[in-house]
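[1] Need a 3D model of the sequence below.
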Amino acid sequence: MRRFAQVADELGLRDIPMQGDWLDQFSSVLQSRLPRPLSDHFPVSLEGGGLRRGPSPFRFENMWLKVEGFQDMIRRWWWEIEVRGSASYRLATKLKEIKQKLKGWNKEVFGNLGCNKAAALQQVEFWDRVESERILSMEETELKNEAKVNYQKWVLLEETHWRQLSREIWLREGDRNTGYFHRIANANRRNNYLDRIKIDGVSLTEEQEVRDGVTNAYQKLLSKEAGWQADIGRLCLDQISQQDAENLESPFSEEEVHSALLEMNGDKAPGPDGFTVAFWQSCWGFVKEEILAMFKEFHEQKTFLKSLNNTFLVLIPKKVLANRLKKVIGKVVSPAQNAFVMGRQILDASLIANEFLMKVLQKMGFGQKWLGWMWRCISTARFSVLVNEVPAGFFPSTKGLRQGDPLSPYLFVMGMEVLGILLRRAVEGGFLSGCSIREGGERALNISHLFFADDTIIFCEANKDHLSHLSWVLFWFEAASGLKINLSKSEIIPVGEVDDIEELAAEVGCRVDLCHPSTWAYL
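    Below is the predicted model:
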């Protein structure tokens, strides 16, 4: 190989990039490294049989919205379905029936996307061959142009399909990145594939065992463990005014609901029901009556059908509530969290207890109706885990803010206010010292902590007593909220020369970062 590379360099040869979809024919190939009990080389296993898959769940394809007459068909189906009952029940029932109709339409009418595109291309090639042999008549020229338009239609639909699967939402439609979207989607599928897992030292390789193991792990993760729970009743949190509380509970308007819906990303991954936000955005004209009726029901009864919390539809009221909440969030969140940027999502699902959040909201002065809405939004959530593209399990949770939920970042920062108060009280009591910053002749500013969404920096003096007190504060916050500090991702960073830094890090239980040179340390 070295000689080959040398010859290639001497001759100035260059590797010409290959174009085409030949590599896409092997999108399901898996490569894995095997153990090396004797050799000094790792053997590599190449499996070409493809990924194991069960039945795929229903997914609404946003490309269907570009098909001529599709929305008229959905409108007709929607109006033909007659259901009696509550607003949320009518919506859930109509969605269920629309899903079944779409499955049949996709199979019998729309057909296979790749086959339709190939057939359209054959028509274009046919007329190109005819034109190369003789001059086309007026009628034949029109047929050729129609064939080109038809082919372009299928190309656009294919791009929309792979763009939705790739989740690359930062590229615009029309950029002609079908091949790129295709490769990203296939790469995501391979990266997310689980052929085996290890639980308590035991390797599981059977498909059903892997599925059950992942489901049980998430169900345990999202359930609150029984045990002592710290009480936050004596903590004093900032409160919103009575007028703010009343404004939050005012009736929902059509303009407010529609505006919140349009702010949402239509290409987000669908919920367990399979429908995307783009479906509701495009069909607003004829579904709004049922949606507004659901909002009225939610406003008056503080509830909606539990099954709707498993759909993207429930994100619409959550988005409306989040838009209202962000108007008052600055009145209950301290300056230590001023790095929180509107619209920034928490990076991971934070395992914060539902009851803890309700206590925090109550102490912040939110009204009973608002508390009822929040409880309904977070306590009725049920989770289904997608393992190798197959949904597994369907279980409730007692803790956990969901990534992508419009309410999650606001509820999270309000919950973190409790940790901020605990740290400030520890500083006031002399158990922690914080960091004093002075600029010119101005009064010194003491900073004990800074919160950046789901990242936290805590300043304290580099001595064992202070770090021991910090450990107790973090333990108390964990007992109150259910949020556990991930010490494996935490670091203690000494500022300047600090003696026995390894011993101090052991007191907290995290590692040391020696990349930063002070007699203070921050975690």
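
[2] ok, Lys359 - contacts?
    With contact taken as C-beta atoms under 8 Å, 6 or more residues apart in numbering, Lys359 is in contact with 232-233. C-beta coordinates here come from the backbone N, C-alpha and C atoms, glycine included.

[3] quick one: it and Glu209, what's the gap?
    40 Å (C-beta to C-beta, to the nearest Å).

[4] what do you get for Ser334?
    For Ser334, the distance to Glu209 - C-beta to C-beta - is 48 Å.

[5] How about Glu497?
    Where Glu209 is concerned, Glu497 sits at a distance of 53 Å (C-beta to C-beta).

[6] more neighbours, these two?
    More crowded of Glu497 and Glu209, by other C-beta atoms under 10 Å: Glu209, with 15 against 10.

[7] secondary structure class for that one?
    helix (DSSP: H, G, I helix; E, B strand; the rest coil).

[8] Mind listing the residues bridging to Val202?
    Beta-bridge pairing for Val202 (DSSP bridges): Ile199.

[9] Leaving out the residues flanking it, which one is nearest to Arg90?
    In space, Arg90 comes closest to Val83 once its chain neighbours are excluded; the distance is 4.5 Å by C-beta to C-beta, 6 or more residues apart in numbering.

[10] check contacts around that neighbour.
    So Val83 contacts 89-90, 93-94 (C-beta under 8 Å, 6+ apart).

[11] switch the cut-off to 7 Å
    Taking C-beta atoms under 7 Å, 6 or more residues apart in numbering, we find Val83 in contact with 90, 93-94.

[12] what about the residue lying closest to Ser379 once chain neighbours are set aside, how many neighbours?
    Leaving aside its sequence neighbours, Ser379 sits nearest to Asn354 (C-beta to C-beta, 6+ apart; 5.3 Å). Per other C-beta under 10 Å, the neighbour tally for Asn354 reads 20.

[13] Equivalent analysis for Gln229, please.
    Gln229: 14 neighbours (other C-beta under 10 Å).

[14] May I have stretch 319-334 as PDB, with CA atoms only?
    Output of stretch 319-334 as PDB, limited to C-alpha atoms (Å, rounded to 0.1, in the frame of the first residue of the first chain):
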ATOM      1  CA  LYS A 319     -46.900  26.600  22.500                       C
ATOM      2  CA  VAL A 320     -49.600  29.100  23.300                       C
ATOM      3  CA  LEU A 321     -49.000  28.600  27.100                       C
ATOM      4  CA  ALA A 322     -45.300  29.000  26.500                       C
ATOM      5  CA  ASN A 323     -45.800  32.300  24.600                       C
ATOM      6  CA  ARG A 324     -47.800  33.600  27.600                       C
ATOM      7  CA  LEU A 325     -45.300  32.300  30.100                       C
ATOM      8  CA  LYS A 326     -42.300  34.000  28.500                       C
ATOM      9  CA  LYS A 327     -43.900  37.400  29.100                       C
ATOM     10  CA  VAL A 328     -43.600  37.000  32.900                       C
ATOM     11  CA  ILE A 329     -40.600  34.600  33.100                       C
ATOM     12  CA  GLY A 330     -38.300  37.600  33.900                       C
ATOM     13  CA  LYS A 331     -40.200  38.400  37.000                       C
ATOM     14  CA  VAL A 332     -39.500  35.100  38.700                       C
ATOM     15  CA  VAL A 333     -36.100  34.200  37.300                       C
ATOM     16  CA  SER A 334     -33.100  35.800  38.900                       C
END
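
[15] buried ones in it?
    Within stretch 319-334, the residues that count as buried by 16 or more other C-beta atoms under 10 Å are 319-322, 324-325, 328-329, 332-334.

[16] go on, stretch 279-293?
    Under 16+ other C-beta under 10 Å, the buried positions of stretch 279-293 are 279-283, 287, 290-292.

[17] among those, which are in helices?
    279-282, 287, 290-292 (DSSP state H).

[18] Go ahead and confirm Val473 touches Ile421.
    No - using C-beta atoms under 7 Å, Val473 is not in contact with Ile421, being 10.3 Å away.

[19] Would you state the strands of this protein in chain order?
    Per DSSP state E, the chain carries strands over the ranges 30-33, 44-47, 197-199, 202-204, 382-387, 390-396, 435-437, 445-447, 449-452, 455-461, 491-495, 511-512, 520-522.

[20] Please name the spatially closest residue to Thr278 (chain neighbours excluded).
    Quick fix: residue 278 is Ala, not Thr. Using C-beta to C-beta, 6+ apart, the closest residue to Ala278 is Gly266 (3.2 Å).
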